[in-house]
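**Student:** model this:
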Amino acid sequence: MFRDPLQRFLSTLGVTLLCVLSLTALADALPPPEGEVLLRVEGDIAHPNVGDELHLDRTQLMALPTRVIETRIPWTQGVFRFEGPLLRAVLAEAGAEAQHVRVRALNDYEAEIPVSDLHDYDVILALERDGEPIAVRDFGPMLVLYPFDDHPELLTESIRFRSVWHVARIHVP
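**Tutor:** Predicted coordinates:
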């Protein structure tokens, strides 16, 4: 089949590289979630863990780089302490590279969020409010949260529309 040692070497090298690249890709992907899936990331992602999507449960989400934001939110009274993963960390875990993403709520409301927002501000997917999981009746199980009190310039109508409640999916175009 092979006429010379160089062809045999190149063929073996090609198969070896393909195996190494495949193992590296598998090592980068999170395992499928063991708990209830709270978030599905779909579209142009490099690290799916269930079919062609990245599914994440509470444990996996809270294992990503998180932030605590103490802030007022435009649709309620008082200051709350929110905690959750940075939205940019979720996208990095998915292997997503895009200029914007579409975040969809349980009720199918969608908002387009520029990825530049996620680098300019510590935008989180808030999973906890005042140390407790956020119930669906209170905007949960998670919501896109901007650090409003730290950056008064965020108190605009367009940012409020990007602050999706009841987050269920993120689509990466």
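**Student:** am I right that Arg67 is in a helix?
**Tutor:** No. Assessed by DSSP: H, G, I helix; E, B strand; the rest coil, Arg67 does not belong to a helix; its assignment is strand.
**Student:** Asp44 and Gln99 touch, don't they?
**Tutor:** No. The criterion here is CB atoms under 8 Å, and Asp44 misses it with Gln99 at 11.2 Å. (C-beta placed from N, C-alpha, C; glycine too.)
**Student:** low pLDDT regions in the chain?
**Tutor:** Within the chain, the ranges that satisfy pLDDT under 70 run 1-28.
**Student:** and if we set it to 90?
**Tutor:** 1-29, 74-76 (pLDDT under 90).
**Student:** what about the helices in it?
**Tutor:** 5-28, 58-63, 87-94, 115-120, 157-162 (DSSP state H).
**Student:** Asp44 and Gln99: who's more crowded?
**Tutor:** Neighbour totals were compared for Asp44 and Gln99, and Asp44 leads with 13 against 9 (other CB atoms under 10 Å).
**Student:** residue contacts, that one?
**Tutor:** By CB atoms under 8 Å, 6 or more residues apart in numbering, Asp44 lies in contact with Ala96, Glu97, Ala98, Val172, Pro173.
**Student:** could you count how many residues lie near Thr61?
**Tutor:** No, residue 61 isn't Thr; it's Leu. Leu61: 22 neighbours (other CB under 10 Å).
**Student:** nearest residue to it in space, ignoring adjacent ones along the chain?
**Tutor:** In this structure, Leu61 finds its nearest non-sequential neighbour in Pro85, 5.1 Å apart by CB to CB, 6 or more residues apart in numbering.
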